[in-house]
Every structure is written in C-alpha cells, then in structure tokens.
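Undergrad: Got a predicted structure plus its sequence, pasted below:
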Number of protein chains: 2
Amino acid sequence: MPLKKNVRKIRSPAPLPRAEGHRQTRREHAIEIAEDYAEAIADLTLETGEARVVDLAQRLGVTHVTVNRAIARLQRDGFVSSQPYRAIFLTEKGRHLASASKRRHELVVAFLISLGVSERVARLDAEGMEHHVSAETLAAFQGALPRKGQQG
Amino acid sequence: MPLKKNVRKIRSPAPLPRAEGHRQTRREHAIEIAEDYAEAIADLTLETGEARVVDLAQRLGVTHVTVNRAIARLQRDGFVSSQPYRAIFLTEKGRHLASASKRRHELVVAFLISLGVSERVARLDAEGMEHHVSAETLAAFQGALPRKGQQG
DNA sequence: CGAATAACTTAGCAATGGCTACATTGTTTC
DNA sequence: GAAACAATGTAGCCATTGCTAAGTTATTCG
C-alpha cells in the first residue's frame, strides 16, 4: 500500500505567479552592483574631483581588488570608462544610472525617515531596499512624503 | 609635469559610514535564499502537506537542480531536514525563520498596498525589499498601517 | 634623478547560484 | 512484477563576488 505519499498528478494549479517576484528579485540583484558603483563614482567625482579605486573600496566596504574587477565588468557593460592606473569615469549610460539611483536612494531614505525610522537605520535599510523599489512604489513613496514647501 | 592628477594624501575624512550599509546589504543577501526557501517550504507544507523539490522549483522560478543544491546548503546550515528522494521538512530553526519571514513579507505587501501601490507590483517589490527591512523599519510600517478594526 | 610609498593590477582560491545533460530512484499503471 | 514516467540526484559548466598574496606602475620626496 503506497499510502499515496506523493500526489504527483494534482500539481497545484495557481501558485505560478509567486515565481515572478523571485525572478524579478534576481534580475535586480544583477544590477545592484552597477547601481551602487555608479552612485559612488558620481559622488566621489563630485566630492574629490575623481573616483579612485581605493576610495571606492573604502566607500563600498570591499577590498580594492574587488573594486578593480567590478570596474572591469562595468566597463565591459558600458557604464564606466577607465584606463589602467587612472581614475574611473562614468559614461553617459553610467551617469544616467547614477542619477536615477541617487534620486531613488534619497527618496527612500527620506520616506523612511518621514515614517519615524531613525536616520541611521533608514540609511542602512535604504541601501538594500532601494534596488527593489519599482517606479510605481517610488511614486507612492513620493506621494506619501510631506511636501517640501508646505511645512505647516 | 605631473599636473597633480592624484591628490593621494588628502584622503576624504568622513565617508566611512556609507560602507556600513553596503556591508549589511551583503549580509542580508546571504540569508535571502534561506528565507525564501523557508517561507516556500512552510507554505507548501500547509497547502499540500509536504514540500517537494519540483514544487519549490516551480514556486521559486528555478530548476530542480538549483533547488536541490540549495536544500543541501540549508540542511548543512540546520534550516531543513531531508532524505534523498523524500520531501523536505523545516527544522525548528527553519520554522522560526519561515514564520518571521512570512510575517514580514505580508506586512510589507500590506503596507505597500495601503500606500496605493497595485497589488501586483506590491507583491513583486515586496519579494525583493522584504529581506532588507529591519525590525525598526518593519515596526514603522506596522505603525503607519491603518488599523484592522477601525475601517472608518 | 632615484628610492620609497601609495595605488593599481594580476593570479588564483572559495563560496554561491544559475544552468544542461545524464543517471538514478520511486510511483503508477498495466 | 515490469515498463513507463515522474521525481530526484549527480557531474560539470559558467558567472559573480568576496578574499589574500604577489607583482607593477605612478607619484612623491629626499
């Protein structure tokens, strides 16, 4: 008596959509690093005039070796241009990514803070969350944010 | 003439904290899969009585091979117990992780929906965001959510 | 200028997380 | 019980993302 341990025929009919979210999350993971680097490069360029491997390493909390290889991939994918032993520059594509990322990042931080989350935690959480905030959700965050001009 | 391209001495003094967020994000990435699997296993066990490799694969949007290896890691790390060609069961530790993940997941979805995000997008975004929502932020979400009993 | 130092690069290891192709085991069905 | 088929497991590929160690190149400074 097989006891019907495996009910192999009656595969569940509906739970397909669930997979979609996971697929999207994986897709987003693939571009997270590009976004983080683009943002960091843009910031450093503003702050110090150029983005160097060591500075990126310090800022992202990885070794300079990791940065080096990441930059190679970003260059391969057209986000940055760099020459050996020289500073790193964003391409048009990279600048685009950086500004979008930066805007989203800051909006997420501001939104969390507006909810009462401490600035420290808001910044920590935003770093991970931001990459998974779609345009629609970002718009909702923006909408829920208290307006700038009307502080009364 | 070196033109002072590299101003190597004046390393920026403050941008250290930024790295902390990235480090946390990487830490969270490391447990994302455990959380997703634990939640999926818990759900499937409820829905169909047991969690099988194929079902997990379908639900998570990966091949059964990927599931197989992930399960091996989860078993190594004490989240699940499984025997070859048999269903997968959560350990106490795994159940704990699953229930926490599930609660957080549902709260994030509910919160996004309450902001006006469509259910579809809320579910898609939550899948990626949830892993980076700290206890503090989760509490803020909870607090911002309209109460259950007072729908007026 | 040349040595010292800082920055960068390269080589190579480990873990993760996808995959396809193929082998094995379990279940169902005749 | 054996064949057919579904499910699971194994081997091995590739890419990513960390790392350390060791070699190169630039910059700075005596």
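TA: Looks like it came in fine.

Undergrad: where in chain A is pLDDT low?
TA: A:1-16, A:148-152 (pLDDT under 70).

Undergrad: dump the residue contacts of the residue most central in space within it.
TA: Geometric centre of chain A, nearest residue: A:His131, 3.4 Å, by Cα atoms, centre = their mean. Going by Cβ atoms under 8 Å, 6 or more residues apart in numbering or on different chains, A:His131 touches A:Glu28, A:His29, A:Ile31, A:Glu32, A:Glu35, B:Gly128. Placement of C-beta: from N, CA and C, glycine included.

Undergrad: So it versus B:Arg59, what's the distance?
TA: As judged by Cβ to Cβ, to the nearest Å, A:His131 and B:Arg59 stand 23 Å apart.

Undergrad: Same check on A:Gly94?
TA: Taken as Cβ to Cβ, the span from A:Gly94 to B:Arg59 is 36 Å.

Undergrad: how near is the residue lying closest to A:His132 once chain neighbours are set aside to B:Gln58?
TA: Distances taken as Cβ to Cβ, 6 or more residues apart in numbering or on different chains place B:Gly128 nearest to A:His132, at 2.9 Å, with adjacent residues excluded. According to Cβ to Cβ, B:Gly128 and B:Gln58 sit 19 Å apart.

Undergrad: Comparing those two, which shows the higher neighbour count?
TA: B:Gly128 (24 against 21; other Cβ atoms under 10 Å in any protein chain shown).

Undergrad: for chain A, what spans make up the helices?
TA: All helices of chain A, identified by DSSP state H, fall at A:17-48, A:53-60, A:64-76, A:92-114, A:119-129, A:135-144.

Undergrad: Next, the buried residues of the longest one.
TA: Along helix A:17-48, the positions that meet the burial threshold by neighbour count (16 or more other Cβ atoms under 10 Å in any protein chain shown) are A:18-19, A:21-22, A:24-25, A:28, A:32-45, A:48.

Undergrad: swap in the third one?
TA: Within helix A:64-76, the residues that count as buried by 16+ other Cβ under 10 Å are A:Val67, A:Ala70, A:Ile71, A:Leu74, A:Gln75.

Undergrad: got the contact list for A:Arg73?
TA: Per Cβ under 8 Å, 6+ apart, neighbours of A:Arg73: A:Ile33.

Undergrad: What separation is there between A:Lys102 and DNA strand C?
TA: 22 Å (Cβ to the nearest atom of the strand, to the nearest Å).

Undergrad: Just give me the neighbour total for that residue.
TA: The number of residues packed near A:Lys102 is 17, by other Cβ under 10 Å.

Undergrad: Correct me if wrong: it contacts A:Ala40.
TA: No. The pair A:Lys102 / A:Ala40 is not scored as a contact, 10.0 Å apart, by Cβ atoms under 8 Å.

Undergrad: what does chain A put close to DNA strand D?
TA: Neighbours of DNA strand D within chain A, by Cβ under 7 Å from any atom of the strand: A:6, A:8, A:11, A:29-30, A:32-33, A:62-63, A:65-66, A:69-70, A:73, A:84-85.
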